[in-house]
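Colleague: everything below, folded, please.
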Amino acid sequence: MAELVLRSTRVITPEGERPAAVAVSGGTITAVRAYDADVPEGARLVDLGDDALLPGLVDTHVHINDPGRTEWEGFASATRAAAAGGITTLVDMPLNSIPPTTTTENLAVKQDTARGKVHTDVGFWGGAVPGNVKDLQPLHDAGVFGFKCFLLHSGVDEFPQLSPAELEDALTELVRFDGLLIVHAEDPQLIDGAPQRGGPHYADFLASRPRAAENAAIEGLIALAKRLNARVHVLHLSSSDALPLIAAAKREGVRVTVETCPHFLTLTAEEVPDGATEFKCCPPIREAANQDALWEGLADGTIDCVVSDHSPSTIELKVKETGDFAAAWGGISSLQLGLPAIWTEARRRGHSVADVARWMSQAPAALVGLSTKGAIAVGYDADFAILAPDETFTVDPAELHHRNRITAYAGKTLHGVVRQTWLRGELIAENGVPNEPTGRLITRENT
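Modeller: Residues are numbered from 1 along each chain as shown. Sure thing, here's the model as predicted:
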């Protein structure tokens, strides 16, 4: 039985790429059959030719900023961009919105704001901040996928960082119910001790966020996770120096996972012009040799997944007439461009479309426990991204759907055109144009 069949010569399944026909009924994959299998009577056939049929991407690191800073981004605009870029599920970060997601009451405000506006499925992270240990269990019970914390100033005053003692208190509480802590890991003392010159020179900004700050914070986090047997996740890894430490921890059974981001894997410090604050993010885009090592860590499994860290702001906050990196907001907006950006560099380095699907769909879904997302297999949600992997396009900010259309990828030619995006068997975007919002709000309990 099937209502819909999508057929392609390049279907990305958990076993690899092969020609196949994917049958869908009631928003769920009911069969993955031979390419030339008979189409069930009454089913609609969508023949994708040689375009690749991937599981819909899962992006677990998105700052939507709504409510409170909706002029920076919003649920409608962010999920439009996500749908246009092949993302079918995203998880919203707990900060940059007002209020932050640090209590169940604030979570309800977020959910009420998002309801009816989302083009993709949307879940929520909770926040771990000073004084809210008592709120962690209720937020977990309300369905957040885990808890984010900072080890240094977050950039917004309403989401303070945890001290070492507060970090241990929060993690001790999370161990009680096996909650996940996701961590912006940079050591504040090492950053305070680094040269803070400001101005338009990217080299000066890079020196202000040294690799040593990441390395030290990750080392301390791993030691604490090992001692408490806690689940921890390192956000937006940019320092390849930390990879041996992470790999050793994994071999020892420490429950640590790691993500990196498209900008760290596709952009390099050497190419950032002075004054080009659209390239600013924290931690920063580092040198080409560092990028090579990150790719090696991704290939060997030390790095688990690739997610966007979509962190937008108004153009006025992002772009400074003086080109002052210290004054500009830090964040790369890439929801719509992450898949082609990663595929462009992955193909150059000899990786496959199946590798990209594992890094950007299967692994993020596993990180947050989305048991019906991230794979083209029977029983999974019929969430798909259709990619023309050999076609190219040049990034034009005017064609982006996120609210403030500025991007570090402007003018770059990328491989991989996202033809279509499907959510539970319904077409939600085609040729870069999203349809009306039909996404759902999801929790750990209703995934």
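
Colleague: residue 99 belongs to a strand, doesn't it?
Modeller: No: secondary structure of residue 99 (DSSP: H, G, I helix; E, B strand; the rest coil): coil, not part of a strand.

Colleague: that one touches residue 112, doesn't it?
Modeller: No: look at residue 99 against residue 112 with CB atoms under 8 Å: they stay out of range, at 11.9 Å. In short, each C-beta sits where N, CA and C put it, glycine included.

Colleague: the two: which is more packed in?
Modeller: Neighbours around residue 99 and residue 112, counted as other CB atoms under 10 Å, are more numerous at residue 99. The numbers are 18 against 11.

Colleague: which residue packs closest to that one, ignoring adjacent ones?
Modeller: Counting by CB to CB, 6 or more residues apart in numbering, residue 99 lies nearest to residue 106, which is 4.2 Å off, once chain neighbours are set aside.

Colleague: read off the pLDDT value for that neighbour.
Modeller: Confidence at residue 106, expressed as pLDDT, is 98.

Colleague: begin at 5 from now on, thanks
Modeller: In the new count, where the first residue is 5, that last one comes out as residue 110.

Colleague: what's the nearest residue to residue 107 if we skip its chain neighbours?
Modeller: residue 139 (5.0 Å).

Colleague: that neighbour against residue 110, yeah?
Modeller: No: look at residue 139 against residue 110 with CB under 8 Å: they stay out of range, at 9.1 Å.

Colleague: circling back: buried sites along the host helix or strand of the residue nearest to residue 107?
Modeller: Following DSSP states H and E, one finds residue 139 within helix 137-145. The neighbour-count check on helix 137-145 (16 or more other CB atoms under 10 Å) flags 139, 140, 143, 144 as buried.

Colleague: equivalent analysis for stretch 228-236, please.
Modeller: Buried residues in stretch 228-236, counted by 16+ other CB under 10 Å: 228, 229, 230, 234, 235, 236.

Colleague: just these: which are in strands?
Modeller: Taking DSSP state E as the definition of strands, the buried residues of stretch 228-236 contribute 235, 236.

Colleague: ok, of the buried residues of stretch 228-236, which one's closest to residue 443?
Modeller: residue 235 (27.3 Å; CB to CB).

Colleague: could the buried residues of stretch 228-236 go into JSON lines alongside pLDDT?
Modeller: JSON lines is the format used below for those (pLDDT from 0 to 100):
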{"residue": "228", "pLDDT": "98"}
{"residue": "229", "pLDDT": "98"}
{"residue": "230", "pLDDT": "98"}
{"residue": "234", "pLDDT": "98"}
{"residue": "235", "pLDDT": "98"}
{"residue": "236", "pLDDT": "98"}
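
Colleague: just the buried residues of stretch 228-236 now: which is nearest residue 38?
Modeller: Of all the buried residues of stretch 228-236, residue 38 sits closest to residue 235, with 40.3 Å by CB to CB.

Colleague: which residues sit in contact with the closest one?
Modeller: Contacts for residue 235 (CB atoms under 8 Å, 6 or more residues apart in numbering) come out as 178, 182, 183, 184, 185, 229, 259.

Colleague: in the sheet, which residues pair with it? Tell me.
Modeller: Residues in a beta bridge with residue 235, per DSSP bridges, are residue 184.

Colleague: now swap in residue 309 and tell me
Modeller: Beta bridges link residue 309 to residue 263, judged by DSSP bridges.

Colleague: ok, it - how many residues close by?
Modeller: Counted with other CB under 10 Å, residues neighbouring residue 309 total 25.

Colleague: about what we covered before: got a pLDDT number for the residue nearest to residue 107?
Modeller: Note on residue 139: pLDDT of 98.

Colleague: from residue 108, how far off is it?
Modeller: From residue 139 over to residue 108 the distance is 7 Å, taken as CB to CB, to the nearest Å.

Colleague: also residue 377?
Modeller: Using CB to CB, residue 377 is found at 24 Å from residue 108.

Colleague: pick out whichever of the two has more residues nearby.
Modeller: Between residue 377 and residue 108, counted using other CB under 10 Å, residue 377 has the larger neighbour count: 24 against 16.

Colleague: look at the more buried one and give its secondary structure.
Modeller: Recorded secondary structure, residue 377: coil (three-state DSSP).

Colleague: all the helices of the stretch 5-154 of the chain, residue numbers only.
Modeller: Ranges of helices in the stretch 5-154 of the chain, per DSSP state H, counting those that start in this stretch, are 79-88, 108-118, 137-145.

Colleague: which among these is found nearest to residue 386?
Modeller: Across the helices of the stretch 5-154 of the chain, residue 386 has its closest neighbour in helix 79-88 (14.8 Å, CB to CB).
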